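**Q** Sequence and predicted structure are below.
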Amino acid sequence: GSVRTDAADPIALHPAMRHNLLRQRALLEGGRLLAYETSHLLDVAEQHPDASARSTAHGEASLLTPIVKAFLTDNGFAGAQAAQQVFGGHGYVHDFGAEQCVRDSRISRIYEGTNEIQAIDLLVRKVVPDGGARLEALIVRLDAALPEGALSVLARQALSQWQAVTRQIVQQAATDSELPYRVADDYLRLAGLTLLAQGWARADAVAARSDSDFHRAKRETAHYYFDFVLPEAGLCLAHIGAGQNPLPHLQAPFA
């Protein structure tokens, strides 16, 4: 009879699956960088001996918190869905628990009052009321912390775009109070993508100090992020631009 032989290559070598896995790694490991930064700010806000430093850290943490809650849980759910695609076939998906991960991760986008509320909290409650002043200060600090390097140039461009669109929204919100609500979701995602860009630029500079497999993988992931994930910020900017136009009102039976 015929003899079964194993496939020539593991599935991780297929380009489509490499994209899938690298994207998950870039977003999830980048998300950890953002979570650690936010946690550090919370520690500074509570424990730093200088009152001014505590106040600044508290303000920055309040800006980052809704981004951490919404952007990271959106990416976690997307990653769980993408993992199913790697397995293929319901038997594999079920046996390895991938479908349960999808169900479990889905609730994370609702736990804190839905991610849409987090987006409103960021833009409507925290950015627009002070004219974007706290956010501007955060962007200046993040820009100054970037090391020299090609990825830092791209990260600075992303920070500049975030700053510019924030100023535009703040200005237009003075005459269109619904605008921040219409663009809040895309604004939060733009913020998340930008924050991960500066985080990966810094991580790449640190990883460049060593040639170990671990550090090479970090650098490869950083470059993948800038090549294939950060460009999605352009779509967010396009949506924010289109959001300047009023949304149509839904007719029955949706209203």
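**A** Yep, that arrived.
**Q** what distance separates stretch 102-120 from the centre of its chain?
**A** 14 Å (Cα atoms, centre = their mean, to the nearest Å).
**Q** tell me the contacts of Arg106?
**A** Phe77 (Cβ atoms under 8 Å, 6 or more residues apart in numbering). (Each C-beta comes from the backbone N, C-alpha and C, glycine too.)
**Q** Can you say which helix or strand has it in it?
**A** Per DSSP states H and E: Arg106 is located in helix 98-106.
**Q** So for that helix, mean pLDDT?
**A** Per-residue pLDDT over helix 98-106 has a mean of 85.
**Q** Equivalent analysis for stretch 115-122, please.
**A** Mean pLDDT, computed over stretch 115-122, is 96.
**Q** Which strands or helices does the host helix or strand of Leu188 pack on?
**A** Secondary-structure assignment from DSSP H and E places Leu188 in helix 179-207. Where contact means 3 or more Cβ pairs under 8 Å, 6 or more residues apart in numbering; DSSP states H and E, helix 179-207 is packed against helix 15-47, helix 51-87, helix 115-120, helix 133-145, helix 150-173, helix 213-224, helix 232-242.
**Q** Dump those to a markdown table, plus distance to Ala205.
**A** Formatted as a markdown table, those follow (distance: least, Cβ to Cβ, whole Å):
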| stretch | distance to Ala205 |
| --- | --- |
| helix 15-47 | 13 |
| helix 51-87 | 21 |
| helix 115-120 | 30 |
| helix 133-145 | 11 |
| helix 150-173 | 7 |
| helix 213-224 | 9 |
| helix 232-242 | 21 |
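**Q** looking at the ones you listed, which is buried most?
**A** helix 115-120 (a mean of 20; mean count of other Cβ atoms under 10 Å).
**Q** other SSEs contacting it?
**A** Here helix 115-120 touches helix 51-87, helix 179-207, going by 3+ Cβ pairs under 8 Å, 6+ apart.
**Q** mind listing what's buried in the last one?
**A** The reference is to helix 179-207. 179-205, 207 (16 or more other Cβ atoms under 10 Å).
**Q** Please identify which of the helices and strands packed on helix 179-207 is closest to Gln100.
**A** Closest approach to Gln100 among the helices and strands packed on helix 179-207 is made by helix 51-87 (9.2 Å; Cβ to Cβ).
**Q** How about residues contacting the helix or strand just after that closest one?
**A** Later in the chain than helix 51-87, the nearest helix or strand by DSSP H and E is helix 90-95. Residues outside helix 90-95 that contact it (Cβ under 8 Å, 6+ apart): Gln84, Phe87, Ala98, Glu99.
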